[in-house]
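Peer 1: When you get a sec, could you give me coordinates for this:
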Amino acid sequence: HGVNREDGGSGSLCGEYKTAYDKVCLSRRWVGFAQTTAMLRFFGEDFEGDHRATLALGSRELFRITITKVVRKGYKLKSDSAARKQKCMATDKSLVVNLVNLFAFLTWRKPYFHYAFIFWLQLEHPDTIVAQLGAVIDRATRCESAR
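Peer 2: Numbers count the residues shown, from 1 in each chain. Have a look, this model is predicted:
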């Protein structure tokens with residue numbers, strides 16, 4: 001009790017607690033890395049052994065469903081309808097429409113692009129999602145090579 005620290009460090013804990021803390025407690029950074037590694041391993045295994053997974057992640061309609069959920073989580077919206085209406089500050093168009101149009105532009109990269117959003121949906125915080133969506137839309141609308 002009293003040895004859990006938000007920053008993942010052991011700081012000025014007394015000797016016996018510091019030793020135990022250093023051996024037992026996991027830092028948030030390491031846990032995040034482990035989650036990312038597990039997701040990437042899962043992703044690689046899906047793509048290696050099952051071409052149906054690649055086809056499913058290449059589906060425009062499934063991408064639309066995923067991106068609607070991502071926008072809903074990021075903007076903390078109450079409905080899918082509100083997520084579909086959420087506008088991008090850079091283009092003043094629906095984020096979902098912008099991202100689905102970008103998805104349509106991609107060729108063999110569609111499954112990877114789709115999976116990145118599934119990854120965000122599972123692991124990212126809403127504020128991070130909003131910032132990253134803005135960056136994706138901004139770059140994709142200004143620079144064809146960024147697509």
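
Peer 1: Report the residue spans of this protein with pLDDT below the cut-off.
Peer 2: Along the chain, the parts satisfying pLDDT under 70 run over 1-54, 141-147.

Peer 1: What are the boundaries of the helices in it?
Peer 2: Remark: helices assigned in the chain by DSSP state H are 15-24, 28-49, 51-57, 60-74, 80-85, 95-105, 110-123, 126-142.

Peer 1: Any buried residues in the shortest one, and which?
Peer 2: Using 16 or more other Cβ atoms under 10 Å as the burial criterion, the residues of helix 80-85 that qualify are 83, 84. C-beta here means a position set from N, CA and C on the backbone, and glycine is covered the same way.

Peer 1: Please name every helix or strand in contact with it.
Peer 2: The helices and strands touching helix 80-85, judged by 3 or more Cβ pairs under 8 Å, 6 or more residues apart in numbering; DSSP states H and E, are helix 60-74, helix 95-105.

Peer 1: Between helix 110-123 and the last one, find me the angle.
Peer 2: Spelled out, that is helix 95-105. Here helix 95-105 points in a direction 150 degrees away from that of helix 110-123 (axes from the mean of the first three to the mean of the last three Cα atoms, to 10 degrees).

Peer 1: Perfect, that will be all.
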